[in-house]
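**Q** Next input, structure requested:
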Amino acid sequence: MNPIPRRKFLRDLGISASVLPFVGSLSSLFAQSSAPVPKKRVVIMFSPNGTVQEKFWPDSVGKDFAFKPILQPLQPFKDKTLMIKGVYNKVQGDGDRHMRGMSCLLTATELAPGNVQGGSDTPAGWASGISIDQELKNFFQSRPETQTRFGSLEFGVAVPKRADPWTRMSYAGANRPVAPIDDPQQMLSKLYGQVKDKEGVISVLDNVQNDLKKVSGKLSAEDRGLLEQHLTLVREMEVEISRQGKSDVGHPVPEIDPHIELVNDNTPEISRMQIDLLVNSFANDMARVATLQYMRSVGEARMNWLGVQEGHHTLSHEPDNNLSAQKKLEKINSWFCGEFAYLAKRLAETPEPGGNGSMLDHTLLVWTNELGKGNSHSLDDIPIVMIGGNTGFTMGRALQFDKVTHNRLWMTIAQSMGHPLQSFGNPELCHGGALDLIS
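**A** Predicted structure coming up:
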């Protein structure tokens with residue numbers, strides 16, 4: 001996508017460029033000089049503090065694997081799922097394992113020296129390299145046929161208002177963390193322009209209504225349907241944001257200890273809003289890369305909507321024989337899986353704009369974690385679940401590798417996106433090259 005000619009095209013029609021976020025991906029409005037290249041997209045979703053491994057990993061590999069309890073929400077997508085066990089984060093150096101697990105998760109290289117003290121390990125700073133999502137963003141943006149308005153979008157859900165190696169996984173480069181946006185109103189404003197404030201707003205659609213009517217007459221029936229989907233989502237988002245903004249607890253709110261994180265009970269609604277915005281931004285071809293970060297490493301989210309009052313990180317430190325804690329951790333990770341499944345469902349039910357099949361057929365979803373197991377702080381067997389298509393990978397399987405580095409996994413995913421990376425992160429951890437996810 002080249003935004004300059006499209007803006008000129010709209011001006012020639014006497015239409016404001018402010019409608020471009022709504023119509024930028026509609027092929028019947030902008031004539032194609034050649035057949036469109038099938039899109040490839042990637043979303044990396046993060047949830048923290050490890051998993052309950054015996055309730056997560058299947059007992060067998062190959063196509064005959066069965067989902068354990070945590071992954072039951074993915075049952076409708078089994079034929080599009082690829083589970084990979086045996087992926088290790090072998091990055092060493094400064095910082096505790098939560099810090100290296102989080103800030104080295106997508107960068108696959110060491111933390112820079114710094115003064116952030118964690119656990120009993122040496123202090124550290126930010127990651128010393130670019131993250132794979134930003135690497136792919138730069139690759140897509142370097143080619144006219146894959147350029148988009150934003151390149152990448154970083155969504156957050158209940159990410160605390162602080163910045164340190166435990167809260168950042170995306171990096172534009174060494175010492176350049178990228179903060180996720182965890183406020184749907186702020187994300188909606190970024191995508192579509194200045195949105196009304198939460199109290200008494202004028203819709204962003206009010207400013208472009210007349211121009212959208214002019215554009216609508218020039219669209220194919222399929223693109224008119226897509227445009228209406230975009231507009232419906234924006235309307236619904238504005239109503240929901242306004243509704244949440246007007247809610248009031250009805251009494252003075254006491255000050256909270258800043259070291260205690262209380263996750264709002266509306267987090268499930270915010271999560272779905274963020275996922276809907278993510279899918280909509282992809283449908284409008286605003287980006288080909290996205291991250292979706294839930295909370296943070298070492299986070300003490302209290303998930304009241306699940307009936308879990310204890311902090312997540314504290315629960316993750318409980319021993320395996322504490323069956324009550326393990327059951328609560330299973331419930332927490334099942335909820336994260338349900339959000340991953342909802343993302344897959346939304347993409348699966350959305351037709352690929354200007355292409356064949358669904359958007360899920362052209363998007364790779366990757367769900368991962370900074371730890372393999374919380375109570376041992378293990379960086380071994382990092383949870384890796386992928387769903388989607390158009391990668392060349394053979395899906396519908398569970399695979400077991402022998403302690404391969406996560407550097408090699410990110411190289412593999414990059415190559416599936418058309419980016420011929422031969423090394424990523426620490427080059428010493430790239431020996432063996434890309435993983436075989438085809439045979």
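
**Q** CA atoms for contacts and neighbours, from now on please.
**A** Noted.

**Q** Quickly note the distance from the residue lying closest to Gln117 once chain neighbours are set aside to Leu399.
**A** Spatial nearest neighbour of Gln117, chain neighbours left out: Pro123 (4.2 Å); criterion: Cα to Cα, 6 or more residues apart in numbering. For Pro123, the distance to Leu399 equals 36 Å [Cα to Cα, to the nearest Å].

**Q** Between these two, which has more neighbouring residues?
**A** Comparing Pro123 with Leu399 by other Cα atoms under 10 Å, the one with more neighbours is Pro123, at 19 against 16.

**Q** so what's the more buried one up against?
**A** Each residue near Pro123 by Cα atoms under 8 Å, 6 or more residues apart in numbering is listed here: Asp94, Gly95, Asp96, Pro113, Gly114, Asn115, Val116, Gln117.

**Q** Out of those residues, grab the one that's most surrounded.
**A** Ranking the contacts of Pro123 using other Cα under 10 Å puts Gly95 first, with 28 neighbours.

**Q** which one of the contacts of Pro123 sits closest to Ala163?
**A** Using Cα to Cα, Val116 comes nearest to Ala163 of the contacts of Pro123, at 10.9 Å.

**Q** So the closest one sits against Gly125, correct?
**A** Yes: counting by Cα atoms under 8 Å, Val116 touches Gly125, with 6.0 Å between them.

**Q** Which residues are in contact with each of the two?
**A** Joint contacts of Val116 and Gly125 (Cα under 8 Å, 6+ apart) are Gly95, Asp164.

**Q** And Tyr192, how close does it get to Ser216?
**A** Tyr192 is 18 Å from Ser216, where distance means Cα to Cα.

**Q** let me redo that: Leu364
**A** For Leu364, the distance to Ser216 (Cα to Cα) stands at 31 Å.

**Q** what about those two, which has more around it?
**A** Leu364 (25 against 17).

**Q** Note down every partner strand of whichever strand or helix holds the more buried one and its orientation.
**A** Assigned by DSSP states H and E, Leu364 belongs to strand 363-368. Applying DSSP bridges, strand 363-368 is found paired with strand 41-46 (parallel), strand 385-388 (antiparallel).

**Q** what does the longest one contact?
**A** Read it as strand 41-46. Here strand 41-46 makes contact (Cα under 8 Å, 6+ apart) with 133, 288-294, 340, 362-370, 417.

**Q** Name all residues that make contact with Gln75.
**A** Here Gln75 is in contact with Phe67 (Cα under 8 Å, 6+ apart).

**Q** run the last query once more with 10 Å
**A** Residues near Gln75 by Cα atoms under 10 Å, 6 or more residues apart in numbering: Ala66, Phe67, Thr81, Ala341.

**Q** One more: Trp126?
**A** With Cα under 10 Å, 6+ apart, Trp126 has these contacts: 95, 99-100, 103-104, 110-116, 163-166, 168-169, 171, 173-177.

**Q** now do 8 Å
**A** Trp126 makes contact with Ser103, Leu111, Ala112, Pro113, Gly114, Asp164, Pro165, Ala174, Asn175, Arg176, Pro177 under the criterion Cα under 8 Å, 6+ apart.

**Q** still on that earlier bit, of the contacts of Gln75, which is the nearest to Ser324?
**A** Among the contacts of Gln75, Phe67 lies closest to Ser324 (Cα to Cα), at 21.9 Å.

**Q** Now do the strands in the stretch 251-400 of the chain.
**A** For the stretch 251-400 of the chain, the strands defined by DSSP state E, counting those that start in this stretch cover 287-294, 363-368, 385-388, 397-405.

**Q** Just say which of those strands is most tucked in.
**A** For the strands of the stretch 251-400 of the chain, the largest average neighbour count (mean count of other Cα atoms under 10 Å) is found in strand 287-294, namely a mean of 25.

**Q** That one - contacts with which helices or strands?
**A** The contact analysis (3 or more Cα pairs under 8 Å, 6 or more residues apart in numbering; DSSP states H and E) places strand 287-294 against strand 41-46, helix 132-141, strand 151-157, helix 267-283.

**Q** tell me which residues of the first one are tucked away?
**A** Of the residues in strand 41-46, those scored as buried under the neighbour-count criterion (16 or more other Cα atoms under 10 Å) are Arg41, Val42, Val43, Ile44, Met45, Phe46.

**Q** likewise the last one?
**A** Neighbour counts over helix 267-283 (16+ other Cα under 10 Å) mark 267-268, 270-283 as buried.

**Q** residues in contact with Gly114?
**A** Counting by Cα under 8 Å, 6+ apart, Gly114 makes contact with Pro123, Ala124, Gly125, Trp126.

**Q** Now do the SS call for it.
**A** Secondary structure, DSSP: H, G, I helix; E, B strand; the rest coil: Gly114 is coil.

**Q** From Val87, how far off is it?
**A** Gly114 is 28 Å from Val87, where distance means Cα to Cα.

**Q** for Ser142, same thing?
**A** Distance, Ser142 to Val87, using Cα to Cα: 30 Å.

**Q** Then Gln147?
**A** For Gln147, the distance to Val87 equals 31 Å [Cα to Cα].

**Q** Ok, Gly374 next?
**A** According to Cα to Cα, Gly374 and Val87 sit 16 Å apart.

**Q** Kindly report the same for Gln209.
**A** From Gln209 across to Val87, the span is 50 Å (Cα to Cα).

**Q** which of those two has more neighbours?
**A** The neighbour count for Gln209 versus Val87, taken as other Cα under 10 Å, is higher for Val87 (23 against 11).

**Q** Might you list the low-confidence residue ranges for the stretch 1-150 of the chain?
**A** Where the stretch 1-150 of the chain drops to pLDDT under 70, the residues are 1-20, 24-36, 120.

**Q** Which residue ranges of it form helices?
**A** Assigned helices in the stretch 1-150 of the chain, in chain order: 3-12, 20-23, 97-103, 132-141 (criterion: DSSP state H, counting those that start in this stretch).
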